[in-house]
Each structure stands twice: as C-alpha cells, then as structure tokens.
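Engineer: Model the structure of this input:
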Amino acid sequence: MKQKIKLNLALLACAVFSLTESFVPSFDYSIFGGKLSLTQISSATTSVQIDETNEPNLMNSSSISASDRLTKARERLKVATFESFGLVDETNGLRKETRVRELILKVAEPEVKYDAVKLEEGLFKQPGTWLFRNVQLFIPLTRFTLSVLSDIYLKKERKNRKMRARELMLLISNLGPAIIKAGQALASRPDLLPKEYLDELQKLQDRLPPFSNIEAHNVISDELGRPWDEVFEFIKPDPIAAASIGQVYKAKLKSNGHTVAVKVQRPGCEDTISLDLYILRWYSSWFTKALTTLGRNVNLVSIIDDFGELIFREIDYRAEMVNCQRFAELYANIPGVYVPKVYDQLTKKRLLTMEWVDGLKVVDRTKLLDKGINPSKIVDTLVQCSLRQMLENGLFHADPHAGNLLVMENGNLCFLDFGMVSYVEANQRYGIMEAVVHLVNRDFKSLANLYKRLGFIPSEQDTSPIVTALEKALPDVLNASVSEFNFKNVINKLGDVMYTFPFSLPPYYIAIIRCLGVLEGVAIQADPQFRIISDAYPYIASRLLTDSSPELQKALQQLVFKDGQLRWDRFGELLKEAQFTRDYDVTMALNQMLDFLLSERGTVIREKLRDQIVDGIGEAGTASIDYISSNFRQISLGSIPSILNRDSQALDKLMQTEDFPQELQSLIKIVQTVSNSEGFDPRKILPLLRRLVSEPEIQKISILLAQSLSERVVSRIIRRAFNVPQQSRIPSTQTFQHLKPSETV
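Structural biologist: Numbers count the residues shown, from 1 in each chain. Here you go, the predicted model:
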C-alpha cells in the first residue's frame, strides 16, 4: 500500500513538474554549451530566484497539450522508478539493481575554458608581462633545484630529503595562488614525488592576506551591473575568510532580509593564474625532456594542462553554482546531509551568493559533544555520503576538508565550497572496487594487471617486478584484519611502489586519493578511533553482494571462490560487514549468489558444494538429520524454514553435539548471519524459496540429496540393529556417479 502511495505521489509530482517546466523559459547557458531549460540545471530545493519586480515571467502554455505533459510525466516516472527501485527479476519477483550509473550532466564547465595554445599565443606577444614573472619564479625555483642536484651528486639526497621538502613547501607558499594550488595538487601525486615531499606539501595553506573591501565592492558592482549596496547589506564590513582565489563576506539581502554568504573573487586572479600556467608549462616541457633522458617517462606538460583545466573551472563561480545544484539533486536526500541554496540571479563569474549556514566544525569534538551531537555519527554520514559520490553517481566533492564542512544545530552535515568537484566514469568506479577486492584477496598479480588495464602503467610494462614490490610493500597491512586498515599507510606504501616504477596517475585517481586522505584526516580529528577503510568496507561488501553489474559480480566471485571451492569464512565475513550498511538488502545478496550457482559458470562449484553438503549429512547424527529433513520439508512446501526464524536455541544446542558434522557448521553459520541481519524479514525470503523449489537444477540436487540421505539413514539403522561396525564412507562423488540420468530428473 505504501509503495502504491509513493508511486501515485511520484506521478503527481512528475505531472506538476511537467506543467511547471512548460512555463519556464529556456536560455543559452554557456556552461553546458547549448540551450537547456532552467529546470534541468537547478531545482527548487537548491536555488532561489530573486524577482525584485514581483512580475511573473511566464510563457504561454497553450502550445503544449495536456497529453504531451502527461507523456513527459510518465517518462520521468519510469526513470524515477528505475533509479529508486531497480529492476525486478520476472522469474521470482525479487529486486535486482546496479547503482553505478552514468550522468548526462557531469561536472560543469567554465564559460572560458583553459586553452594552452590560445594562452601561449596571447602571452608570447607580451614579453614585458611574462619576463618579470619568470624572474620571480626562476630564481627561487632554480636555487632549490640546484640544492637537490647537489645533494644527489654528494649522495646526500635521501638524508636531506625531509629538509628539502620543507624548503619547497615554504618556497611555494610565497609564490601566489596558482603556484600554491599546484603545490597542493602535487601533494596527491605519489607517482611523482617521494613520501617526504608529499607530507610537507599537504601542509600548504590556501590562505593569502585579504584584498581591500573597496576592491571587493567594485567587483560586486561590476558583476551585478549596479551598485553593490542596492542589493547587499554587509553584516560585518570585513571578510570572514580569505583564500588565494577569493574571500567571503556575511551579508543580508535588502530584497527579503535573507542572510547570505557572498564570495568575491580576487581582482586580476584569472590573469595571474593564466600567466603562471604559461610559465609553468614552458618549464615543464624542458623538465619532461630531462626526465626522459633519465629513463623516467612522465609527461609534465599534460599534468600542467590537467591542472589548468581544474583551476579554470574553480575560478568560474557560475560553474561552481551549477556543481552545487547538481550535488544537491544527487545527495541532499541522504539522511543527515544538507546542501545550501544558491541564488542564481546574484551569482556571476566572479561573484557567488549562497545561503548562510550556521554550524560547528566537524573537528570541534568537544563542542559537538556539548551540543549533544555524536561525532562518530557525523563521521559515518560524511564517509557514507562520500562513498556514494565516488562509487555510485561518480560526481564527488573533491576537497572535503574541515573548512568546507559544518555540523548544523539539528545534527545535519552541511557541505560547502563546490569549486573542486570531480567525476569518475563508471568503468573507473568498477576498477576502484575491483582494486579493493584484489587487496583483500592479496592478489597482487591481478592488481598489477588492473593498473595496466586502467592505464596507470604502460601496456608493454613487465608487471613481475611491480608484483614483487607490492608483495614486499604491503605485508603488514594485508596480514592485519580489515578493521585495522589505515588509508594513509596503504597510500604511503603504494606510493613508494608508484614512485619507483613508471606509473602515471590520471586526474580522477589523484582527486580520489586527495579526497580520501582529507576525509580520513578530518574524521580522525572528530573520532580518534576512525579508520576510513574499515568504515568503507561494509559499503563495499554490500555493493559486491547486491549489485547486479557483471563487473562487480565477477569481483565477488574472485573474492569468495577459489579453486572451485566456496570460501565460507570470506562469504560469511562479507555478509556480516554488509549488514551495517543502511540500505543493504540481504535477499538481493542471496538472489545474486543463487543466480551464479545456477548458471553454467557455476556448474563446477555447484557440484562441489552439493558434495560437501552430502558428506556433511553422512556424518550427521539422528537429531541432526531430523532437523535438516524438517527444514527441507518446510522449504518444499513453500513455507519459511525454522532455521530462518530467530529462535536459534534448538539449533545452537544441536551444533554443540558431537555428531553434528563439521562440513555443515559453516553453512549453518551463514544462514544464522542472514537471519540475524538488521531489518531481516523471513517473509522476504519466500520468493527465493519458491525459486528454489521451482528450479529444475535444484530439484535434481534435492532428489540426489534425499536419495543419499535415505541410503545412509537405512544403512545406519541396519548397522545398529545387527551391531555391524561402520566401514569407510563412500565419497559422495561416487554416490552420484552410480545414479542413472533417469533417476536424477
């Protein structure tokens, strides 16, 4: 009934949305490079329209018929239903889904995109401009480079590495916004720099002294096309925060009294960044040639170009606005997550106006506890939301540091600053989860081949030394339990390998490394016991068990099957971990596993599993056989077997008896894990049980099991009646081999 109500409400909402869209005009929005209706890039929950004339700007809707609008509504409902409920398996009525999806609108692009060739053509004609800046950069950077070369020549490079890393960090912090941003980007490049440099560059602060209020007022007036004080009333005359690109004021809107955050870009920021990119690109071409002669195949020019695209996107506040709106559409419905509203008409290229949000910093553990807010719960919300960003929709906040996160009075987590937003393609998301499987499985050969497939290492590269290096670098981490994993330790160890061998990391992977590193750093300050990998593992386990995509199903099979045998302990561990995920559905996990076992690919494993069960039954005592038979009978009648009911006292007592077979212990524990899962409802298993009863392959196995069971029960009765000693047991494979095909159908 509830589902019908939801669907009816969804249909009504889609119909209303369709009517609304017909009234809203389309306009040429260059961020997307074409005409889009306003409703496609913003929503009522994420943007606010300021209409100071109080005159509605509506189009005549008579040209669109009611039937057309209804058709649109139905199409939207179809999409919404697919995304919300997944697909339904027509054979048994069970839901199947994959959460990895490609977005039509990904990261918003700036109006003025980074164009290295165009930039070079323009600045080359202004030698007076770039020569002076070149000297400003050349002298300190050359001095530092000579110091490092001297250390290498004197064989003191490793000894002095930490000192030189600190020198580089201090040097970069005084060279302007573009160089600071470049240094922060390098802090996530274990393939380019050793650990000591990465640690120091992570300390770079994106802060510069604020520019004058008069300059800020002029920028606002220029962007709005009217005096700033006609629109805003600053609550405080000075900025509350200043960074390398812009600064933020707290103000009120004169039109409605709403409190807003007004972000104003530093004057001349784009020109300064363009100039530094031009110079850095020129130097990078020479360094690339030098590294090539030393046998290091690193294209520094492409790295600078990737950085140029990112920073040009960050300095266009209209792109940030759209990213914020898109982020809200995708993630604001997650419980405990809040995204501020953006004021469309008061946001321009160098001006961003956003809802003001009061709150505490995530790292203010004492203040959170004083307010009755559990820091661990906030951290869990942060991590779960971030995992869904990176591994489900692909659009993710790439800079979730403490300054960009607030805990509101109601305990909600508010995301701020959407200048750095990245996107991970679907195949890349599968690759990330596959890498986790290989790490847990300690399958370094497959991990190295995955790196090659993703383009991290050249296709012609021999992976044998990389496999050996990974085995040596990660023994302590991989021998520890999953709950003891530490992301920073894993990245440091992997970074040593990536620095030694010819790795070239793509931008999305660098953004993820940075994001996860920042997340764990923030989370540990809020909750000292937190480890991101242990917190993320339940989510990964849930996805592996329930996602119907072929890529994740293959990864699951690699994890829980080995040499044709089901690894009961690994499967049980996955089921236990997955139950801690909020939206985990154990029936989907069981259906996925059954799909594989009944498929042609699962034939060998199915037969070995059958043999294990039969061998176990052969060792069972009378009480055990009675219990097993009773459950089989209940299943055959389509009712819920007693083993799935939560009254497990009888089963626990039975498992403690000497004649309960060891082969069945693992299977029973799996069943108990399923039945004890949070939110488990035995009634949800009924469609699965009906499928078990109706599947020809299961019927065949059931007959074989029953025949073997009856043979062994009769044999046991005869032995006891005539006091005949037990002989060596006939292997179950031989038992099945003597059966004729007609006896097994």
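Engineer: I figured Pro507 was touching Gly308, is that so?
Structural biologist: No: counting by Cβ atoms under 8 Å, Pro507 does not reach Gly308; the two are 11.3 Å apart. Using the backbone N, CA and C atoms, a C-beta is placed for each residue, glycine as well.
Engineer: who's more crowded, the two?
Structural biologist: Comparing Pro507 with Gly308 by other Cβ atoms under 10 Å, the one with more neighbours is Gly308, at 24 against 18.
Engineer: list the contacts for the more buried one?
Structural biologist: Going by Cβ atoms under 8 Å, 6 or more residues apart in numbering, Gly308 touches Tyr114, Ala116, Leu277, Arg281.
Engineer: now that we have those residues, which one has the most neighbours?
Structural biologist: Ranking these using other Cβ under 10 Å puts Leu277 first, with 23 neighbours.
Engineer: What about Trp250? Give its phi and psi, please.
Structural biologist: Let me fix one detail, which is that residue 250 is Lys and not Trp. For Lys250, the backbone dihedrals (degrees, to the nearest 10) come out as phi -100, psi 130.
Engineer: picking that back up, go through the contacts of Gly308 and name the one nearest Tyr584.
Structural biologist: Tyr114 (42.0 Å; Cβ to Cβ).
Engineer: any idea which element that closest one lies in?
Structural biologist: Tyr114 belongs to no helix or strand when assigned by DSSP states H and E.
Engineer: May I ask you to confirm that it is in contact with Asp305?
Structural biologist: Yes: with contact defined as Cβ under 8 Å, Tyr114 reaches Asp305; the gap is 7.3 Å.
Engineer: pLDDT below threshold where in the stretch 251-400 of the chain?
Structural biologist: Low-confidence segments of the stretch 251-400 of the chain (pLDDT under 70): 294-296.
Engineer: in the one helix or strand Leu277 maps to, what counts as buried?
Structural biologist: Assessed by DSSP H and E, Leu277 sits inside helix 269-293. Of all the residues in helix 269-293, those buried under the rule 16 or more other Cβ atoms under 10 Å are 269-270, 272-284, 288.
Engineer: What are the contacting residues of that helix?
Structural biologist: Counting by Cβ under 8 Å, 6+ apart, 112, 114, 116, 119-120, 123, 129-130, 133-134, 137, 141, 176-179, 182, 245-246, 297-301, 303-305, 307-308, 311-312, 315, 350 sit against helix 269-293.
Engineer: same deal with stretch 216-230?
Structural biologist: 231-232, 239, 247, 249, 254, 262, 264-265, 267, 346, 348-351.
Engineer: So which bits of it are buried?
Structural biologist: In stretch 216-230, residues buried by neighbour count (16+ other Cβ under 10 Å) are Ala216, His217, Val219, Ile220, Ser221, Glu223, Leu224, Trp228.
Engineer: Any idea how far apart the tips of it sit?
Structural biologist: With Cα to Cα, to the nearest Å applied, stretch 216-230 spans 15 Å between its terminal residues.
Engineer: next one: it to chain centre, how far?
Structural biologist: Remark: stretch 216-230 is offset 40 Å from the chain centroid, using Cα atoms, centre = their mean, to the nearest Å.
Engineer: repeat for stretch 373-392
Structural biologist: For stretch 373-392, the distance to the chain centre is 10 Å (Cα atoms, centre = their mean).
Engineer: buried set for stretch 150-160?
Structural biologist: Asp151, Asn160.
Engineer: And what about Val260, helix, strand or coil?
Structural biologist: Secondary structure, DSSP: H, G, I helix; E, B strand; the rest coil: Val260 is strand.
Engineer: Go ahead and confirm Gln565 touches Ile605.
Structural biologist: Yes: counting by Cβ under 8 Å, Gln565 does reach Ile605; the two are 7.5 Å apart.
Engineer: the more surrounded of the two?
Structural biologist: Ile605 (19 against 13).
Engineer: who's in contact with the residue nearest to that one when sequence neighbours are not counted?
Structural biologist: Of all residues not flanking Ile605 in the chain, Gly564 sits nearest, at 5.6 Å (Cβ to Cβ, 6 or more residues apart in numbering). The contact partners of Gly564, taken as Cβ under 8 Å, 6+ apart, are Val604, Ile605, Lys608.
Engineer: Pick the one among those closest to Arg429.
Structural biologist: Of those, the one sitting nearest to Arg429 (Cβ to Cβ) turns out to be Ile605, at 27.2 Å.
Engineer: what helix or strand does the closest one sit in?
Structural biologist: Assigned by DSSP H and E, Ile605 falls in helix 603-619.
Engineer: How about Phe503?
Structural biologist: Here Phe503 is assigned to no helix or strand, by DSSP H and E.
Engineer: Spatially nearest residue to it, not counting backbone neighbours?
Structural biologist: In space, Phe503 is closest to Asp191, 4.1 Å off (Cβ to Cβ, 6+ apart).
Engineer: Now do the SS call for that neighbour.
Structural biologist: Under three-state DSSP, Asp191 comes out as coil.
Engineer: what's it sitting at in phi/psi?
Structural biologist: Torsion angles, degrees, to the nearest 10, at Asp191: phi -80, psi -10.
Engineer: same question, Val362
Structural biologist: Torsion angles, degrees, to the nearest 10, at Val362: phi -60, psi -30.
Engineer: Skip the chain neighbours and tell me the closest residue to it.
Structural biologist: In space, Val362 is closest to Leu405, 4.7 Å off (Cβ to Cβ, 6+ apart).
Engineer: Now the one you found: phi and psi?
Structural biologist: Torsion angles, degrees, to the nearest 10, at Leu405: phi -130, psi 140.
Engineer: who are the neighbours in contact with it?
Structural biologist: Per Cβ under 8 Å, 6+ apart, neighbours of Leu405: Lys361, Val362, Leu382, Leu413, Cys414, Phe415, Leu416, Val522.
Engineer: What residues are bridge-paired with the first one?
Structural biologist: Bridge pairing for Lys361 (DSSP bridges) gives the partners Leu406.
Engineer: before we move on, what about the fourth one?
Structural biologist: Leu413 has these beta-bridge partners by DSSP bridges: Val337, Val407.
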